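**Q** Provided below are the primary sequence and the corresponding predicted coordinates.
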Amino acid sequence: MQINPFINKILIVFCFLFSIIISSQSTTYNNSTTITLPTSVTKATVQTWGGGGKGGSKIFAFSSGTTGGAGGGGGGAYSISTLSGLTGSYDVIVGMGSSSTAPGGNSSFTKGGFDLVLSRGGNSASNNTNSGATGGSIGTFIGGNGGNNGLGGGGSSAGTNSNGNNAFDENGAIAPTGGGNGGDGKTSQGNGSDGIYPGGGGGGAFRSGFFSGSRNGGKGANGKVIVCLFPANAGTISGYSTVCQGDSAVSYTIPAISNATSYNWSYSGTGATISGSSNSVNINFSASATSGDLTVYGVNECGDGELATSVITVNTTPTAGYSYVISPLNNGEVTFTNTSTNATSFLWDFDDTNTSTSINPIHTFSANGTYNVKLTSTNSCGSDEETLELIIDNNILGVEDEILNTFSLYPNPVTSDRIKLTLPNEIEDFNITISSILGQELFSNEFRNGYNKIHNIDVANYKSGIYFITVSTSKGKATKRLIIR
């Protein structure tokens, strides 16, 4: 079946216009209708212009037939409001300009009979009355009053309401003149002109001469409604929540945001460079990057949508480190203290074919010698090593004077405030030293021995733990482990 070429052209034009409408975020309505918002769009800026009032006519009559002008029509009010939490269908009501003595129509954005945004239409001027009509009384900016004696009709005014000045133009900016202009008003007669901008009042008529007949006031301009839909709220960001310093080209995506013409990505941490501006971006994390929040929201001509946030933890590579204490009593026993940072697992290589994965191991070397003990500290971002040289010589760990080795220490472990120490009768002058497990000297004093004498040492102020007590003479020394509980 062939389609009439004329109809075919109409269909092409309609499809073109329809494609423009559905791709635009801002829609202008010049007639009343019902609209249904996209499911995911919940925010919009709505502008309404009330219809303009008609200018007054100068009607010939013996009682009012003298030269003069009628008042201009009042301008419709202008309103603008940003609405949130929108859903479903709304009524768009466009107020028509008046062509009679009735006011211009109200324009509104309405749901269930409740006006969310409202602009009242301007009043119309009475015939043969030189005073201008008042503008719309409700709106963000109330309508301007019509001018007197045939001057222009009032536009939507920012409060001045003076002789039809300050009408709002198509873009919501203040226009240079008011609504409709009247007849010349001073030198010649004529009908008032119609309102110019949305909601502009009609101009008042002017007539000259007793027998010149009637002159008509101008029609008020129609109002209009503009609905500008914001982007939909952003969804969930997909991508790694944990990364490493130095990682590059890490991908993050978000489902396409309805009604968005661009995307705004940002990162609250430091050292991250974002590449891309669509719903998918790549991030390079520097070697000094820090953790932060990744956010994104949609943008269009109407404004910004609600943002989505993803918390990103940036891990650093570990740093290995440790210290150690060689026990002077238990031959070859070494206590290792791990000082690594940012590590989650550990591997110790004691250089004697033995290993350990403990955090703070205690290891006994079975033979004298030099050992290069290596600690490897690891996390998900890599590993680091620390190697220290230990010298184990069991010949010098214990007793230097065998006679001293017979001194007794009790109770051990000690749970009271004092320990008792006895030495062989052959020893006369000696020194007692108490040290912590880390080698810090906590007590030192000289004593003189006597036959079968018991020496009391106060340990009341010592915390529970392992200590070393050393007895020294001019011939040597001996050390024993002291446990305080």
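**A** Good, I have the coordinates.
**Q** Domain-wise, how is this protein divided?
**A** By the assignment in automatic domain parsing, the chain contains the domains 22-229, 242-315, 322-392, 404-484.
**Q** any chance of those domains in a markdown table, with distance to Thr236 and mean neighbour count too?
**A** To be clear about C-beta, it is placed using only N, CA and C from the backbone, and glycine gets the same treatment. Shown next, in a markdown table, are the domains of the chain (distance: least, CB to CB, whole Å; neighbours: other CB atoms under 10 Å):
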| stretch | distance to Thr236 | mean neighbour count |
| --- | --- | --- |
| domain 22-229 | 13 | 24 |
| domain 242-315 | 6 | 17 |
| domain 322-392 | 24 | 16 |
| domain 404-484 | 52 | 14 |
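**Q** Figure out which of those is closest to Gly235.
**A** Nearest to Gly235 among those is domain 242-315 (4.5 Å), distances taken as CB to CB.
**Q** Mean confidence (pLDDT) on the closest one, please.
**A** When pLDDT is averaged over domain 242-315, the result is 95.
**Q** Now do the end-to-end distance for that domain.
**A** Chord length of domain 242-315, first to last residue, is 7 Å (CA to CA, to the nearest Å).
**Q** ok, what's across the strand from the most centrally placed residue in the chain?
**A** Residue closest to the average C-alpha location in the chain (CA atoms, centre = their mean): Thr295, at 6.0 Å. Here Thr295 sits in beta bridges with Ser266, Thr309, going by DSSP bridges.
**Q** so it makes contact with Val311?
**A** No. Thr295 is not in contact with Val311 according to CB atoms under 8 Å; the separation is 10.3 Å.
**Q** Now render the domains of the chain as CSV, adding distance to Gly235.
**A** Below are the domains of the chain laid out as CSV (distance: least, CB to CB, whole Å):
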stretch, distance to Gly235
domain 22-229, 9
domain 242-315, 4
domain 322-392, 28
domain 404-484, 56
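**Q** which one of the ones you listed has the lowest average pLDDT?
**A** When I compare the domains of the chain, domain 22-229 is least confident, with a mean of 79.
**Q** ok, and what's touching stretch 106-115?
**A** Stretch 106-115 has contacts (CB atoms under 8 Å, 6 or more residues apart in numbering) with 46, 48-51, 76, 83, 88-95, 116-121, 136, 199, 223-225, 227.
**Q** Between the two ends of it, how far is it?
**A** 11 Å.
**Q** can you pull the contacts of the residue nearest to the centre of the chain?
**A** 265-268, 307-310.
**Q** which among the residues you listed gets closest to Ser288?
**A** Of all those, Ser288 sits closest to Tyr267, with 14.1 Å by CB to CB.
**Q** list the contacts for the closest one?
**A** 274, 283, 292-295, 312.
**Q** try 7 Å
**A** Listed by CB atoms under 7 Å, 6 or more residues apart in numbering, the contact set of Tyr267 reads 274, 292, 294.
**Q** try Ser472
**A** Neighbouring residues of Ser472 by CB under 7 Å, 6+ apart: 430-431, 433.
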